[in-house]
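S.K.: Pasted the sequence and its predicted model underneath.
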Amino acid sequence: MTYDHDADDMDSLKVRLKELMENEARSCSMDFGCITPEYISRMWGGDVSKEEISVALKELKSSGFSL
């Protein structure tokens, strides 16, 4: 699955990122500085480009999302 920066697709990507980060937080004492676009892309089997993940992470951060 790739995302083309369409608003609905970006919203779906952000929801997926939030779920991943919440699951990582529950599973261990993760340093969230280690959750990088490269790490996430590998976790998702390369289904989403690092660039798209980077954009979505920046949007989440700017919207105030934190764990």
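M.R.: Received it, and whenever you're ready, just let me know what you need.

S.K.: pLDDT wise, what is Ser12 at?
M.R.: Among the per-residue scores, Ser12 holds a pLDDT of 94.

S.K.: what's near enough to touch the residue nearest the centre of the chain?
M.R.: Closest residue to the average C-alpha location of the chain: Leu17 at 3.2 Å, with Cα atoms, centre = their mean. By Cβ atoms under 8 Å, 6 or more residues apart in numbering, the residues touching Leu17 are 40, 53, 56-57, 60. For glycine as for every other residue, the C-beta is placed from the backbone atoms N, C-alpha and C.

S.K.: most neighbours, which of those residues?
M.R.: Ala56 (25 neighbours; other Cβ atoms under 10 Å).

S.K.: How about the contacts made by that one?
M.R.: For Ala56, the contact set (Cβ under 8 Å, 6+ apart) comprises 10, 13-14, 17.

S.K.: quick one on the thing from earlier: would you mind writing the CA trace of the helix or strand harbouring the residue nearest to the centre of the chain as CSV?
M.R.: Assigned by DSSP states H and E, Leu17 falls within helix 7-27. C-alpha atoms of helix 7-27 as CSV (Å, rounded to 0.1, in the frame of the first residue of the first chain):
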residue,chain,number,x,y,z
ALA,A,7,-5.8,14.0,2.6
ASP,A,8,-7.7,10.8,3.3
ASP,A,9,-4.7,8.6,2.7
MET,A,10,-2.5,10.9,4.9
ASP,A,11,-5.1,10.6,7.6
SER,A,12,-5.1,6.8,7.3
LEU,A,13,-1.3,6.8,7.5
LYS,A,14,-1.3,9.0,10.6
VAL,A,15,-3.8,6.6,12.3
ARG,A,16,-1.6,3.7,11.4
LEU,A,17,1.5,5.5,12.8
LYS,A,18,-0.4,6.3,16.0
GLU,A,19,-1.3,2.7,16.4
LEU,A,20,2.3,1.5,15.8
MET,A,21,3.7,4.0,18.3
GLU,A,22,1.0,3.1,21.0
ASN,A,23,1.8,-0.6,20.5
GLU,A,24,5.5,0.0,20.8
ALA,A,25,4.9,2.0,24.0
ARG,A,26,2.9,-0.9,25.4
SER,A,27,5.4,-3.6,24.4
